[in-house]
Every structure is written in C-alpha cells, then in structure tokens.
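K.L.:
Output the structure for:
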Amino acid sequence: MNLLHRLIGASVVCVGIASPAAGQSVAEPRTATVTPFLSTTFGTSQGLGSSLGLGVAAGYDWTSNLGAELELGHVFDVAGHDDNLDHSLTTFGANAVYHFDVLRVTPYATAGLGWVRSNPDVKVIDPLALTAPSSTEIAWNFGGGVKYSINDRLLVRADLRRFQVTDLAPDHWRVYGGVTFWVRR
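P.N.:
Numbering: from 1, shown residues only. Below you'll find the model as predicted:
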C-alpha cells in the first residue's frame, strides 16, 4: 500500500471516530489563528514529481466547529528530477473548515477555492519540446487533517489536500505539518 492510501485511510479513520458528544474541538468561537507550515507536494497530474514547500494560513473560527481560512503556499520545484526544468507552484485560497468534536485531537475537513500560479523555467530551450508557459489559474481544493493542542497558545497540525486546477498547471496532492498560534482569543 503506498503512502497516499495510508494517509487517506488515516484521515478517514479520524473522521469516522468523530462524535458530537465525545469531546471538544480545539477551535474556539471568535478566535483568530496563524499557521506557518512545511509541506511536500506529490501525485502531480503531469507526472512531474514531488517537492518541498512552505506556506502560511490565517484562520478565524466563528464557532467551535465552523471556521474560515486564507492560505498562501509555495512549492519550490515539482520537476526536481529534471535538471533542465525548474517548475514552481504558488497557491492562494480561501477555505471553509469544519472541526469535529473528538477527545484529545480535533480532526477537520476543509474545502476551498483560489488560484495556482504555475511557473515552469526551462534552462536550455529545446525547439522540439512543448513547454507550458507560466499561468495563473483557478483551482479548488479539498482535504482534511488533525489539530492537537500543545498548550493554551499552540497547536500542532497535519493536513492533506488535493488541488484541482482548471487548465495548464498540474493538479496535485499536498501534505503539510505546521504549528498554529492563537493571535486573538
């Protein structure tokens, strides 16, 4: 079983054990958070490869279950195996987040809409090769993850998302780990 199947299976198990009366979400009503994260992108639709990335998310929770999040992420080079091509991706999106009430950890589901900036950079141009130009395209994403409270100011977070892009940029999966800071409680 590959890594993707294991991650999806773990997410389904976390969501499947959710029960409204079983615990309390780490999300607090009317609070704002910031999450810097380190990510890896894989499973690109064009078979480009995987890459490390960085990003930041800013969230606001209206209730202990429902929140919203703005996110900016950058992937350094999804064509890392190709010495002649550097292909970076930058994502920006607005997402709805639903937190499940579970003891000790808080699983969540998310979906959103935004843009992906695809920037292929060919070092030596081959006149016979077809290379996609840089583009900014509409993208939607869906996924989920878990949050775990470390103390009254910090959470750790793991997230898996699928990004679907409308045209030339590659569709891809992203998994990330981050530390969430409450900035307003």
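K.L.:
The longest strand along the chain packs against which elements?
P.N.:
In the chain, taking DSSP state E as the definition, the longest strand is strand 106-122. Secondary-structure packing of strand 106-122 (3 or more Cβ pairs under 8 Å, 6 or more residues apart in numbering; DSSP states H and E): helix 3-16, strand 66-75, strand 85-99, strand 135-149, strand 154-165. Bear in mind the C-beta positions are built from the backbone N, C-alpha and C, glycine included.
K.L.:
Run through the residues that contact the spatially most central residue of the chain.
P.N.:
Note on the chain: the residue nearest the mean C-alpha position is residue 161, at 4.8 Å, using Cα atoms, centre = their mean. Applying Cβ atoms under 8 Å, 6 or more residues apart in numbering to residue 161 gives the contacts 110, 141, 142, 143, 173, 174, 175.
K.L.:
Give the buried subset of the residues you listed as a PyMOL selection command.
P.N.:
What follows is the PyMOL syntax for the buried subset of the contacts of residue 161, where burial is set by 16 or more other Cβ atoms under 10 Å:
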select buried, resi 110+141+143+173+174+175
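K.L.:
Of the contacts of residue 161, just say which sits nearest to residue 155.
P.N.:
Nearest to residue 155 out of those is residue 110 (Cβ to Cβ; 15.1 Å).
K.L.:
so that closest one touches residue 69, yeah?
P.N.:
Yes. Between residue 110 and residue 69 there is a contact at 7.2 Å, judged by Cβ atoms under 8 Å.
K.L.:
so what sits against both of the two?
P.N.:
Common neighbours of residue 110 and residue 69 (Cβ under 8 Å, 6+ apart) are 95, 97.
K.L.:
residues near the residue found closest to residue 26 once you drop the neighbours it is linked to in the chain, how many?
P.N.:
Leaving out its chain neighbours, the residue that sits closest to residue 26 by Cβ to Cβ, 6 or more residues apart in numbering is residue 106, at 4.5 Å. A total of 25 residues lie near residue 106 under the criterion other Cβ atoms under 10 Å.
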